[in-house]
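Trainee: fold the following for me, if possible:
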Amino acid sequence: MRGELYHLSLNYYEIFNIPAEFKIDLKNLHDRYGEIQKSIHPDRFTAATKVEKEQSLIKSTEINEAYQTLKNNLLRAKYLIGLHYENEPLPLSSAFLMQQMEWEEELEEIEGIEPLIVFKENIKMNVQTETTRLSKLLDQDKNWEEAQTSLGQLKFLTNLLKKTTELSYTFSDN
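Mentor: All right, here's what the predicted structure looks like:
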């Protein structure tokens, strides 16, 4: 069968033959994805046996899932942590929880586009800082437990950033 090098038992990094790290070359990932999909895509198996067609569909689906996971910072970090660490995430620190509440309150009180832009830029900086921290925890320190905490903080910040974008639509509609 074409594409049989891409076994279902491989982890996502092995499928694309890239190092199991947070910081990855997205262009290389995209190129590898295209190469693999060309060899196993179900359209290439129209004249194949039923089993080959089913395997092609299963593998193509797995390749898509692996690609979607590895190209997204949050999903990639969660997946990488899961390869090495199986404990439940620790709760976020009380200091970060207090900061969360302050940010949420500040966002609720914003009444114009200018203060929203300033707030959004602040959150973007925090996302960048936390992403850098998470990358270091995963790739250099191999500190899976602390990386889980960092990932939780990054998820909150990413969601808060989405809220600012949604709120900006409200202001632009007025």
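Trainee: secondary structure element holding the residue lying closest to residue 110 once chain neighbours are set aside?
Mentor: Nearest residue to residue 110, sequence neighbours excluded (CB to CB, 6 or more residues apart in numbering): residue 116, at 5.0 Å. From N, CA and C alone the C-beta is placed, and that goes for glycine too. Assigned by DSSP states H and E, residue 116 falls within helix 113-136.
Trainee: just checking, what packs against that helix?
Mentor: Helix 113-136 sits against helix 94-109, helix 144-173, with contacts defined as 3 or more CB pairs under 8 Å, 6 or more residues apart in numbering; DSSP states H and E.
Trainee: which of these sits most buried?
Mentor: helix 144-173 (a mean of 16; mean count of other CB atoms under 10 Å).
Trainee: I'd like the mean pLDDT over that helix, please.
Mentor: Helix 144-173 shows a mean pLDDT of 94.
Trainee: now find how far off-centre it is within its chain.
Mentor: Centre-to-centre, helix 144-173 and its host chain are 13 Å apart (CA atoms, centre = their mean, to the nearest Å).
Trainee: show me what it packs onto, helices and strands only.
Mentor: helix 73-84, helix 94-109, helix 113-136.
Trainee: could the ones you listed go into a markdown table alongside distance to residue 155 and mean pLDDT?
Mentor: Conversion of the helices and strands packed on helix 144-173 to a markdown table gives the following (distance: least, CB to CB, whole Å; pLDDT from 0 to 100):
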| stretch | distance to residue 155 | mean pLDDT |
| --- | --- | --- |
| helix 73-84 | 6 | 97 |
| helix 94-109 | 11 | 97 |
| helix 113-136 | 10 | 97 |
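Trainee: for residue 87, which non-adjacent residue is closest in space?
Mentor: Per CB to CB, 6+ apart, closest to residue 87 is residue 145, 7.0 Å.
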